[in-house]
Each structure stands twice: as C-alpha cells, then as structure tokens.
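**Student:** here are the coordinates; sequence isn't available:
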C-alpha cells in the first residue's frame, strides 16, 4: 500500500476508484474478490466501485493476443477459480481485437449510476473470461447489457453509436500515464491510499503471447482490509 493522491479523480468516502482493463486476468481476480468480499462483509450499500479505464491496447499499441490470455488462464485462474474461466472456445476469428467497446459500455453505464456500471463491468468480464464471447463486438456488448439486471441496454447502445464514451477512455488513458497508475488493476481510496494488484504478485517467463505467468504471492485477505477502509 502507498499513500499517493488518486489521479484526477474525486474519490469520496465509500467509493473505491479503480483503473483496469477487462482483458486483464488479474483485474478479473480483483473484481471477483471485491464483489464477493463486499457481499460477505455486508457493505454492498456502503461501498461502491467507480470504474476507470486502463486500456491495455493503447498502452501496448495493439490488442492482447489470444495465446497471451490463454496463458493467463493457465497461470492465474487457479488462485480464484470461482471467478469463472475457460480457454478461448469460440472460433479464432471471434477472438476480440479490441476491448474498447466493452470499456466504453462500462463508462456509459455510469450515467445510470455506479451500481449499474459495476454490474455491467462484472458481466462483461465473465462474458470474456468464462464464456468466450467477443466483447469487442457491439452486438455482444449490447447483448450482455440486455442480460444484466439494472442496466438500460438501449442507452448503452445509443452511447456506443454516438461515440461519446471514447473520449472518456482516452481521458483515462492519458490520466493513467501522467499520474503513475501502475497496472490493471490499481485501486484508490478517499484517504489517499492506493493498492496496485492487491495481494497478488507475479512474474512472466518469456514474452507475453509466447511465455506464461507465475503467481509468486497471493493474499486474498487484503480485500477485507481495503473494503473496511473504504467504508470507514
């Protein structure tokens, strides 16, 4: 844990601001742990999650390759199997070439409230990691929104079509670069503390897309402390 100001955001008490990408397996772990721990602690009405984009394809100047995400399933899924995982099982040509439409949809859902964006974010993560759905396609993103309770899918479709959320993703990308957001996920609390990939450390063997990750530390208990801190 460090104590640096949250980058260009007004993180209120009772809110955790988090930067992440839906493509990121470590963020998938983090979001599962945040949701399940919040529910277990009875803090669902006291702590909200404010999603900000950490668009990996903009940082990397290209999409995440399928061999990379498949290797993450093999190397990361075992630390949180209940989050929902599978190797990509749809046809290769359906593997998403971008996660930006999904990230945009989460920002559009924030217009309906943080709870709506939380639900859609979690649904889109499961759609990709557990169901092999192409979250880069507008039709898939809208379909996931239609399946998600408490989300107005028509408003999501309208926002995707008029493009207004793309500038929000670009803003978050620039903000993350300028203010030292370290990785996906990176959490910020109202007291000034921040937590990069909480409780998890890993190293890569070989390059992304040809090598594989090895988890070297795993402490899910840190999420209880983070949520209690956010609620206080």
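**Tutor:** In hand now; what should we look at? From a predicted model like this one, the values you see are computed outputs, not experimental measurements.
**Student:** if I read this right, residue 132 contacts residue 86, doesn't it?
**Tutor:** Yes: using C-beta atoms under 8 Å, residue 132 is in contact with residue 86, at 6.3 Å. For every residue, glycine as well, the C-beta is placed using N, CA and C.
**Student:** So for these two, which sits in the more crowded spot?
**Tutor:** residue 132 (15 against 12; other C-beta atoms under 10 Å).
**Student:** Provide a list of residues in contact with that one.
**Tutor:** Under the criterion of C-beta atoms under 8 Å, 6 or more residues apart in numbering, the neighbours of residue 132 are 86, 88, 89, 90, 94.
**Student:** Report the secondary structure state of it.
**Tutor:** Classification of residue 132 by DSSP: H, G, I helix; E, B strand; the rest coil places it in coil.
**Student:** quick one: residue 105 is in a strand?
**Tutor:** No: Residue 105 is assigned helix when assessed by three-state DSSP, not a strand.
**Student:** Run through the strands of the protein in chain order.
**Tutor:** 2-3, 15-20, 48-53, 186-188, 193-196, 200-205, 212-218 (DSSP state E).
**Student:** how far away is the residue nearest to residue 224 when sequence neighbours are not counted from residue 16?
**Tutor:** Nearest residue to residue 224, sequence neighbours excluded (C-beta to C-beta, 6 or more residues apart in numbering): residue 37, at 5.7 Å. Per C-beta to C-beta, to the nearest Å, residue 37 is found 11 Å from residue 16.
**Student:** Which neighbours do these two have in common?
**Tutor:** Residues touching both residue 37 and residue 16 (C-beta under 8 Å, 6+ apart) are residue 227.
**Student:** more crowded one of the two?
**Tutor:** Comparing residue 37 with residue 16 by other C-beta under 10 Å, the one with more neighbours is residue 16, at 23 against 20.
**Student:** who touches the more buried one in this structure?
**Tutor:** 34, 47, 48, 49, 50, 187, 188, 189, 226, 227, 230.
**Student:** Could you do residue 34 as well?
**Tutor:** If you count contacts by C-beta under 8 Å, 6+ apart, residue 34 has them with 16, 18, 49, 223, 226, 227.
**Student:** residue contacts, the fourth one?
**Tutor:** If I follow you right, that is residue 223. Neighbouring residues of residue 223 by C-beta under 8 Å, 6+ apart: 33, 34, 37, 198, 199.
**Student:** List just the nearest of those to residue 113.
**Tutor:** Comparing the contacts of residue 223 against residue 113 with C-beta to C-beta places residue 34 closest, at 17.3 Å.
**Student:** Return the distance of that closest one relative to residue 117.
**Tutor:** Look at residue 34 and residue 117: by C-beta to C-beta, they are 13 Å apart.
**Student:** now residue 201
**Tutor:** 28 Å.
**Student:** Looking at these two, which one has more neighbours?
**Tutor:** Between residue 201 and residue 117, counting by other C-beta under 10 Å, residue 117 is the more crowded of the two (22 against 11).
**Student:** my guess is the more buried one contacts residue 109, does it?
**Tutor:** Yes: under the criterion of C-beta under 8 Å, residue 117 makes contact with residue 109 at 4.0 Å.
**Student:** Buried residues of stretch 213-227, list them for me.
**Tutor:** Neighbour-count burial for stretch 213-227, counted by 16 or more other C-beta atoms under 10 Å, picks out 213, 220, 223, 226, 227.
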